[in-house]
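Peer 1: quick one, fold the following:
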Amino acid sequence: GLVPTADERSGNFSDLLPQGIQPLNPLNGQPFTGDQIPPGMLSSYATQILQKFVPLPNNPSNPVFNWISNDANRIGVDQGLARLDHRFSQSDILYGRFILEDVRNTSPKLFPTDSFVQDSRGQNLMLGYSHTFSSNKVNEFKMAYNRHRENEVVGQAFKENVGQELGLQGICDDPACWGIPDNYVGPFLDFGEHGLGQTVSGPRGWLNEIFHFSDAFYWTKGNHLIRFGMELDRNHDNFPEAIFPRGLFSYDGRFTSPDGSPNSSTALADFLLGLPRSSEASIDIFSPYFRNTALYPWFQDDWRMTRSLTLNLGISCWWFGRPQSKNNTIATLDFAVSPAQIVTAQDASQFGFPRALTFNDNNNVSPRVGFAWSPENHKRFVLRGGYGIFYQRASANNWIEVAINPPFVTQTNYILEPSAVPTF
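Peer 2: The predicted structure follows:
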């Protein structure tokens, strides 16, 4: 990638002259003398970031790719598995397992000051009990618990309040938010916290739990293999995160560009003067603690109609309860009224909404049919076919959207206009 040279960091842009580009002083509209920004005009914010967190080129002979990082991505995995099988009698069997997996993913460093780590732990506990009533009747009960925890931590978190040292105000003060603000400066590699080769935000984490119960009965009756049962899941989903806790600043070069339009060649000059075109922030750490229940009753009959033809007939119902926030920190907009109004889980009933802010879908019926046919005189040939309707739980992203709305999470975006530069 590309990082600023020593001359560019000092405000010397004489290398742009062969391209016919002279950065302008946005305060008077005239070119800087000698294409050099006076030291007194350099932003302390910009110079501190460059001096402390952005390296000098290590491949200076390449003007467009003057920084190379070959740091390794280190992944450590520890796994453990335990299993239990016990036969109480010819009719009763108990079995179970426990699985534990810890993963630490240490990102390669794009810049020497980077340090980004993903820590996760997955756990699964399952117990099953099988009872045989007779040679043609068997019942199987299972219960399970799944837990996944993952945290992403940037290098400066809990260690150094960089934003405060840079003099920034209005950013997240929580130690988990500490780190380098995100700066997007024209063609250069982003100045900020990097992880897995890109700029990262944070803090961010996940804590997901599933409590699972199921029971299935198997009954062979004549030419029928009948199976029916039910599954019940209780889901806990949480993902504490702040979107732009340290601020996100974009510099497109328009304030020092000779014609006043965005120009990547002068983006660094805008950065050195402390003139971002856009400034974004969202400093609230949201943590909605979603809870929901899912229920799946089902029935299946494998019917061997003849020696050559078997039919598979089944039906199930997939009911997914809409996630509710344990602490009621979700909100949506009601466009049925004018003007549209914010509805939160705390006052949902007053506006005709359920606590989840969306209504349950109670008609997810899933029929299925299949067949297997083999001609009497060609037993090595089998024709199979089937049709079914299936449903799945909605992606968590659908519910994250209602967790990042006002009044619980605010997002601000300030656009700097040229007329406001003298007082910015």
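Peer 1: where in the stretch 101-250 of the chain is pLDDT low?
Peer 2: By pLDDT under 70, the weakly predicted segments of the stretch 101-250 of the chain are 197-198.
Peer 1: switch the cut-off to 80
Peer 2: 196-202 (pLDDT under 80).
Peer 1: would you map the helices across it?
Peer 2: 162-165 (DSSP state H, counting those that start in this stretch).
Peer 1: what sits up against stretch 129-144?
Peer 2: 90-95, 124-128, 210-221 (C-beta atoms under 8 Å, 6 or more residues apart in numbering). All C-beta atoms are positioned from the backbone trio N, CA, C, and that covers glycine.
Peer 1: hmm, 10 Å instead?
Peer 2: With contacts defined as C-beta atoms under 10 Å, 6 or more residues apart in numbering, stretch 129-144 is touched by 87-97, 124-128, 210-222, 225-227, 229, 231-233.
Peer 1: which of these are buried?
Peer 2: By neighbour count, with 16 or more other C-beta atoms under 10 Å, those hold 93, 96, 124, 126, 128, 210, 212, 214, 216, 218-219, 225-227, 229, 231, 233 as buried.
Peer 1: residue 163 contacts residue 156, doesn't it?
Peer 2: Yes: taking contacts as C-beta atoms under 10 Å, residue 163 lies within contact range of residue 156: 9.4 Å.
Peer 1: common neighbours of these two, please.
Peer 2: 177, 178, 179, 180, 246.
Peer 1: tell me who's in contact with the nearest residue to the last one once chain neighbours are set aside.
Peer 2: If you skip the residues right next to it in sequence, residue 246 has residue 181 as its closest partner in space, 4.4 Å away by C-beta to C-beta, 6 or more residues apart in numbering. By C-beta under 10 Å, 6+ apart, the residues touching residue 181 are 45, 49, 53, 162-163, 166, 168, 171, 191-193, 244-249, 279, 281.
Peer 1: then residue 210?
Peer 2: 124, 144, 145, 146, 147, 148, 233, 234, 235, 236, 237, 294.
Peer 1: picking up where we left off before, for residue 189, see how far away the residue nearest to residue 246 is.
Peer 2: 15 Å (C-beta to C-beta, to the nearest Å).
Peer 1: in this structure, which residue sits furthest out from the middle?
Peer 2: Relative to the centre of the chain, the most outlying C-alpha is that of residue 377, 56.7 Å out, by C-alpha atoms, centre = their mean.
Peer 1: now do it, the pLDDT please.
Peer 2: Listed pLDDT for residue 377 reads 81.
Peer 1: now the strands for the stretch 101-250 of the chain?
Peer 2: 116-134, 137-154, 182-185, 194-195, 198-199, 204-221, 224-238, 244-251 (DSSP state E, counting those that start in this stretch).
Peer 1: could you figure out how far the last one is turned away from strand 137-154?
Peer 2: Looking back up the chat, that one is strand 244-251. 60 degrees (axes from the mean of the first three to the mean of the last three C-alpha atoms, to 10 degrees).
Peer 1: only alpha carbons, please: show strand 244-251 as CSV.
Peer 2: Only the C-alpha atoms of strand 244-251 are listed here, as CSV (Å, rounded to 0.1, in the frame of the first residue of the first chain):
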residue,chain,number,x,y,z
PHE,A,244,-17.8,4.5,15.1
PRO,A,245,-16.7,5.0,18.7
ARG,A,246,-13.6,7.0,17.8
GLY,A,247,-15.0,8.8,14.9
LEU,A,248,-14.5,8.3,11.1
PHE,A,249,-13.0,11.1,9.1
SER,A,250,-12.8,11.3,5.3
TYR,A,251,-10.5,13.6,3.3
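Peer 1: what pLDDT, on average, does the following helix or strand past it get?
Peer 2: Using DSSP states H and E, the helix or strand that follows strand 244-251 towards the C-terminus is helix 267-272. For helix 267-272, mean pLDDT rounds to 97.
Peer 1: which neighbouring elements make contact with helix 267-272?
Peer 2: Judged by 3 or more C-beta pairs under 10 Å, 6 or more residues apart in numbering; DSSP states H and E, the packing partners of helix 267-272 are helix 6-9, helix 44-53, strand 182-185, strand 244-251.
Peer 1: remind me what the first one packs against, helices and strands.
Peer 2: In this structure, helix 6-9 packs against helix 44-53, helix 267-272, with contacts taken as 3+ C-beta pairs under 10 Å, 6+ apart.
Peer 1: do the second one as well
Peer 2: Other elements packing on helix 44-53 under the criterion 3+ C-beta pairs under 10 Å, 6+ apart are helix 6-9, helix 162-165, strand 182-185, strand 244-251, helix 267-272.
Peer 1: that older thread, looking at the strands of the stretch 101-250 of the chain, which is closest to residue 389?
Peer 2: Minimum separation from residue 389 across the strands of the stretch 101-250 of the chain (C-beta to C-beta) falls at strand 224-238, 17.3 Å.
Peer 1: tell me which strands the closest one pairs with, and in which orientation.
Peer 2: strand 204-221 (antiparallel), strand 290-304 (antiparallel) (DSSP bridges).
Peer 1: averaged pLDDT, the last one. What do you get?
Peer 2: So that's strand 290-304. On average, strand 290-304 scores 96.
Peer 1: for stretch 326-345, same thing?
Peer 2: 93.
Peer 1: and it, what's buried?
Peer 2: In stretch 326-345, counting by 16+ other C-beta under 10 Å, buried: 328, 329, 330, 331, 332, 343, 344, 345.
Peer 1: which residues touch the third one?
Peer 2: Contacts were defined as C-beta under 10 Å, 6+ apart; by that measure residue 330 touches 286, 288-290, 323-324, 343-346, 348, 355-357, 399-405, 408-409.
Peer 1: next one: the last one
Peer 2: For residue 345, the contacting residues are 288, 324-332, 353-357, 402, 408, by C-beta under 10 Å, 6+ apart.
Peer 1: what do you get for the first one?
Peer 2: With contacts defined as C-beta under 10 Å, 6+ apart, residue 328 is in contact with 288, 289, 344, 345, 346, 347, 348, 355, 408.
Peer 1: and the nearest residue to residue 4 once chain neighbours are set aside, how far from residue 211?
Peer 2: Nearest residue to residue 4, sequence neighbours excluded (C-beta to C-beta, 6+ apart): residue 268, at 5.8 Å. For residue 268, the distance to residue 211 (C-beta to C-beta) stands at 54 Å.
Peer 1: do residue 411 as well
Peer 2: Taking C-beta to C-beta, one finds residue 411 at 34 Å from residue 211.
Peer 1: likewise residue 152?
Peer 2: 26 Å.
Peer 1: tell me the contacts of the residue lying closest to residue 228 once chain neighbours are set aside?
Peer 2: Take residue 228 and drop its neighbours on the chain: the residue closest to it by C-beta to C-beta, 6+ apart is residue 299, 4.4 Å away. Residue 299 makes contact with 226, 227, 228, 229, 313, 314, 315, 316, 317, according to C-beta under 10 Å, 6+ apart.
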